Each structure stands twice: as C-alpha cells, then as structure tokens.
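quick one, what's the 3D model for this:
(chains A and B)
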Amino acid sequence: MLKYNSMLEKATKKVVTRFAPSPTGFMHVGGVRTALYAWLFARKNNGQFILRIEDTDKEREVAGSIEHIQKSLKWLGLNWDQGPDIGGPFAPYIQSERLELYKKYAEILIKKGSAYADPYAEKEIEEFKKKAEIEKKPFLYREHRPENPPVWDGTMPLRFKVSELKQAVWNDLVWGELSAGPEALDDFILIKSDGYPTYNFAHIVDDIEMGVTHVVRGQEFISSTPKFLAVYKALGVMPPYFVTTPPIMGIEGKKKLSKRDGAKDILEYEKEGYLPDAMINYLAFLGFNPGGEKEVYTRDELINVFDLTKIQHSGAKWSDDKLNWLNKEHIKLLSQAEIEKNILEWLPEKMRNPKLVHVVLERISKWGDVKEMVEKGELDFFFKQPSYSKEKLIFKNTLPEKISENLNQAIKALGGIEEENFTVENIKNVLMTIADKLDSRGELLHPIRFALSGLDKSPDPFTIASIIGKNETLLRLQKAI
RNA sequence: GGCCCCAUCGUCUAACGGUUAGGACAUCGGGUUUUCAAUCCGGUAAUCAGAGUUCGAUUCUCUGUGGGGUCACCA
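Numbers count the residues shown, from 1 in each chain, chains lettered A, B, ... in the order given. From the prediction side, this is the model:
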C-alpha cells in the first residue's frame, strides 16, 4: 500500500474524479456510494468532481433520469464542479452530444490498425457462438477476424483489435495489484451500428479528454479492465488511477444490491425524512473505515478522514437498523431550533404545538416517523379527550374505590397549582408526594396517565398534563372518576 | 464452466507477526421509568477448514470450502 501512496504523492496533476451514471432510472444506494467516494476524494484533494451522463444506450434510457440523478446528488449535497447543467471546460457532459469526439478517436484507432469494421450479421455471429458451444470452447471473436475488413462507414460496428494476449497486471489504489488472464481479452465493439459508442470506448475517451486522474468505479469493472488498458495503450495514453469499490449487498440475499433486488430510489430516503448527512455517513462507512472507534462523522470530518487505502475489499450488507441509529445520532447533532422546525414541519398544521417536540423527538429515528405517529393516532390524545374502557384505569388489583379516591386527591392537589405554574416539575412534585404515600406509585400514576392518554403506551402523566394544560387535565381526571 | 476477487461476533468493522481479539448496530438482562420510548450499566456472540513458515499466525504461503463479480452492438 505504501507504494501506491507515494505514487499518489508524486502525481503533480490536480485530482479530477467523476461520477458517470447512465440515465436508466433512479439512483440507488450502490451508485450513490460510488459517487460519494469520488466526491470525497476530490474534495479532500481540492480537486474537481465531474458529473457526466453516459447515455449511449438509447434503448435503456428512461426519460427524466438525468433530472432525477441530479436531484438525488443535490439532496445529498454531492455538488459537482462540471456537469450537464452547469457546463465546464469540456462541455458538453452528455455523451450523446459528444459523438463527433468518439468518431475522431475511432479514426485514430483505425489508422493505427487497432480497430476494424465488423462485417458479420448478427446471425453469423450467433452461429460462431453455437459452434463454439458444441465444441465446448469459449467463443472468441478474435478467432473470426475478417481477413479483409471493409472500410468502416458507420453503418456497421467498429471493433477494437486486441494485439497483445498476455496476463494483464495493473495497480488499483484500493486493492493493490490486480490481474486478469488473456482469456478475458477479445475484440470488442467500440462503436455500435447505431453510431453510438459503447461504454468501453466512450468512458475512456471522455476520461482522457476531461483529464480524469482517478476513476472511481464499482468492482464489476475489474474484469473488463484489461480491455480498457488495451485501448489506452493503443491510443498511447497513460491510464488513470483505478479506484475500485466493493459492492453493497442486499439485506436478504447475498447478491449485489440492484434495482431488481428491491434497491430503493435514494430519494425515497429523503421522503422518509432521513438526513442527507446521516445517509452520507452511513454509506461512507459501508465499505470504508478510517480506524478508531468514532462512527458519527459530519460531512467535513468525513472529507478530512477519507482515505482510499482504507476502503474494504469485500461486499457489505445494507442495514436499515444501523442507518436509523446513525440518523438519530445526526439528529442529535442538530440545534434545538432545527429539530423543532423539522418536527413541526412534519406535523399536520393543526398539531403544530412546540410543546410536542420533545415528546415526539424521543420516539423517532427519522422525520418520517413523526408522520407515522400521527397516522397511527398516537398523538390524538393531546388534542381531544381519549375514549377508553374504564377497566383500563385500574392498576393491577387495586380496588376501583381506591382509584377514585386517589384521583380525587390528585385533582385537589393539581387544582392548587396556578395555571401559569402548571409545569412538568411542579406537577411531578405534587403527584409524587401523593404517590409515594401509597402502596405502589402505580395506584395513582397509572390511572392518571391512562385517563389523560387512553393508551397503553404513552409519555409520562406529568408531561401530558403540562402539555394539555390545567383545565383539560382536571376535566379528564374528573371524567375518569 | 473459464477468468478475477473476497473471507473476524447475526450485521458493519478494529487489531507494526505477540491484545483477555476492541468498538458500533441488533439481541438479551438489570437500574431509572405506572407503561412504552429514551437513557445508563452489564451479558451472549467472531478470526471458514486443513497444512506450511515462525519461538509465536486473525495477520505471511499453499490447498480446500464458501461467497461475490464478469464473460453483450448494457453500463
């Protein structure tokens, strides 16, 4: 690892990373984390972070994806320095608008003898494959290279011609030395018959043109790296540093998390009321650990401590539990004013009582839980008299007469508190004085709590009383008797 | 199947070749709470297996096993 660090230090070029999604739908946590690592690395090194859209597969493209991706990144605060919306020195940042460039690079490769037009019809290739299957040999296009390929006119695919067939070995800033056998190398398509380049070609051209120094990508690209290296070599360009990240696995299966496995749209987490900083913290630590025992990191702390060599090599399972915990920790980092503002915003208008903030805060791990509490009616008793069956007022085996007597005492005592002094502390003092004289505090406190809330589970009676106020409290207790 | 990669509590992870293998989430128990929640304290729980190198292996090597990735005119 040391070796790579010093290589990094030697690099005098300014760090440039990019996130290059294809607009095929929403972003899920896997893609977001790749973006996050690229962003963290750029920010740590005062470099550039580029957003580039790889829309070379027109069939898979989903309308609105580009906007959705940008919205997702913005929510998380992963700001880019160059991109389709804000432009930059290498604009445009959408591949379908850069076709001339790929063509130019294609011509270079043709001239160098590293690319040729593929004359076969789809059916012919199918037959090659079938034949190979019967012979139990892997199908290799390079074994069927046309002897005299036609001049490439753009109507047929352009293929890359691999020259060297040997074990490819390269360094990855995360994994160290990686390798792949020559089996992995075959002639592959650079430009499709529809005129669009393939990913294999387009991303290399763009990374070169845009001066990308560190390619942060998922580990699914390891096996195609020899292809990329071959193209770089054919073009006579030094490849960038590769920064390969491990996959995020689904909660259920052991497979890489994907949309098919139910991976959620990252913006769903926004809707559920997660804090972007918590999401970033969680995602960063899913596959990365700076060492030490601190786990709650702010955005700036994360940038500060981020280190490519401390990225894991194996996949990590997603855990909602840990995300929820972390989100709660991040809520604690907010100021009282911010907490109050958020909770009130998530409460329906008629329930926006600042006194409820504390009660609600104790029970949530994300803002969306506020909404859930409301929907379940868990807060209704603060606003209207609860209805309940009277048996519920009885604490264990206490006689009903005794309960009534206790409640009467409570009413008398509470009545002695001035309206403006009807606070949790005062209420607690008064009631506890009575409760402590009983066989069990529950003989008094349970019926009061129940009379006020009508629920098996609720905040403590003192808090409820102080929130609903003196009049309402006495009213509900009277009714209970 | 070929090639490549990975392997520490259930989960995320820490540990210059020498630690009672640490922390966090989850879980369990206890204190405080009428209850729930919150909070505090505590417990259970892991180096995939087998060889080798070494005085000593979670750490290095090999084999096995398990898991993942990839083999497109998708990215």
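
skipping adjacent residues, who's closest to the residue in the stretch 251-400 of chain A that RNA strand B sits nearest to in space?
Proximity of the stretch 251-400 of chain A to RNA strand B (C-beta to the nearest atom of the strand) peaks at residue A:314, 2.8 Å away. (Glycine included, C-beta is placed from N, CA and C.) Spatial nearest neighbour of residue A:314, chain neighbours left out: residue A:246 (5.7 Å); criterion: C-beta to C-beta, 6 or more residues apart in numbering.

per-residue pLDDT, residue A:105?
On the pLDDT scale, residue A:105 is placed at 97.

just checking, it touches residue A:234?
No - in this structure residue A:105 lies outside contact range of residue A:234 using C-beta atoms under 8 Å: 10.1 Å.

of those two, who's got more company?
Comparing residue A:105 with residue A:234 by other C-beta atoms under 10 Å, the one with more neighbours is residue A:105, at 22 against 18.

host element of that one?
Here residue A:105 sits within helix A:99-111, counting by DSSP states H and E.

how far is that helix from where the chain is centred?
The chain centre lies 37 Å from the centre of helix A:99-111; the measure is C-alpha atoms, centre = their mean, to the nearest Å.

swap in stretch A:344-355?
28 Å.

just the buried residues of it, please?
A:344, A:346, A:347, A:351 (16 or more other C-beta atoms under 10 Å).

ok, residues contacting it?
Applying C-beta atoms under 8 Å, 6 or more residues apart in numbering, the external contacts of stretch A:344-355 come out as A:273, A:340, A:356-357, A:360, A:367-368, A:370-371, A:374, A:379, A:382-383, A:466-467.

same question for stretch A:395-406.
Contact with stretch A:395-406 is made by A:393, A:394, A:434, A:438, A:440, A:442, A:443, A:444, A:446, A:447, A:481, as judged by C-beta under 8 Å, 6+ apart.

lowest-pLDDT helix or strand in chain A?
One helix or strand of chain A scores below all others by mean pLDDT, DSSP states H and E: helix A:2-10, with a mean of 41.

now do the strands in the stretch 151-300 of chain A.
Assigned strands in the stretch 151-300 of chain A, in chain order: A:158-160, A:168-172, A:176-180, A:189-191, A:214-218, A:241-245, A:248-249 (criterion: DSSP state E, counting those that start in this stretch).

so can I have a markdown table of the ones you listed showing mean pLDDT, mean neighbour count and distance to residue A:319?
Formatted as a markdown table, the strands of the stretch 151-300 of chain A follow (pLDDT from 0 to 100; neighbours: other C-beta atoms under 10 Å; distance: least, C-beta to C-beta, whole Å):
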| stretch | mean pLDDT | mean neighbour count | distance to residue A:319 |
| --- | --- | --- | --- |
| strand A:158-160 | 96 | 25 | 42 |
| strand A:168-172 | 93 | 16 | 27 |
| strand A:176-180 | 90 | 14 | 28 |
| strand A:189-191 | 97 | 24 | 40 |
| strand A:214-218 | 96 | 23 | 20 |
| strand A:241-245 | 96 | 22 | 18 |
| strand A:248-249 | 89 | 22 | 10 |
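
need the CA coordinates for stretch A:467-481. PDB is fine.
Below are the C-alpha coordinates for stretch A:467-481, written out as PDB (Å, rounded to 0.1, in the frame of the first residue of the first chain):
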ATOM      1  CA  ILE A 467     -49.000  19.900  27.500                       C
ATOM      2  CA  ILE A 468     -52.700  19.700  27.600                       C
ATOM      3  CA  GLY A 469     -52.900  22.300  30.400                       C
ATOM      4  CA  LYS A 470     -54.500  22.500  33.800                       C
ATOM      5  CA  ASN A 471     -58.200  22.800  32.700                       C
ATOM      6  CA  GLU A 472     -58.100  19.900  30.300                       C
ATOM      7  CA  THR A 473     -56.200  17.800  32.800                       C
ATOM      8  CA  LEU A 474     -58.700  18.300  35.600                       C
ATOM      9  CA  LEU A 475     -61.500  17.700  33.200                       C
ATOM     10  CA  ARG A 476     -60.100  14.400  32.100                       C
ATOM     11  CA  LEU A 477     -59.400  13.300  35.600                       C
ATOM     12  CA  GLN A 478     -62.900  14.200  36.700                       C
ATOM     13  CA  LYS A 479     -64.400  12.200  33.900                       C
ATOM     14  CA  ALA A 480     -62.300   9.200  34.900                       C
ATOM     15  CA  ILE A 481     -63.800   9.200  38.400                       C
END
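
contacts for it?
Under the criterion C-beta under 8 Å, 6+ apart, residues A:353, A:355-356, A:359, A:382, A:385-386, A:390, A:393, A:404, A:407-408, A:410-411, A:414-415, A:417, A:419, A:422, A:447-448, A:450-452, A:464-465 lie in contact with stretch A:467-481.
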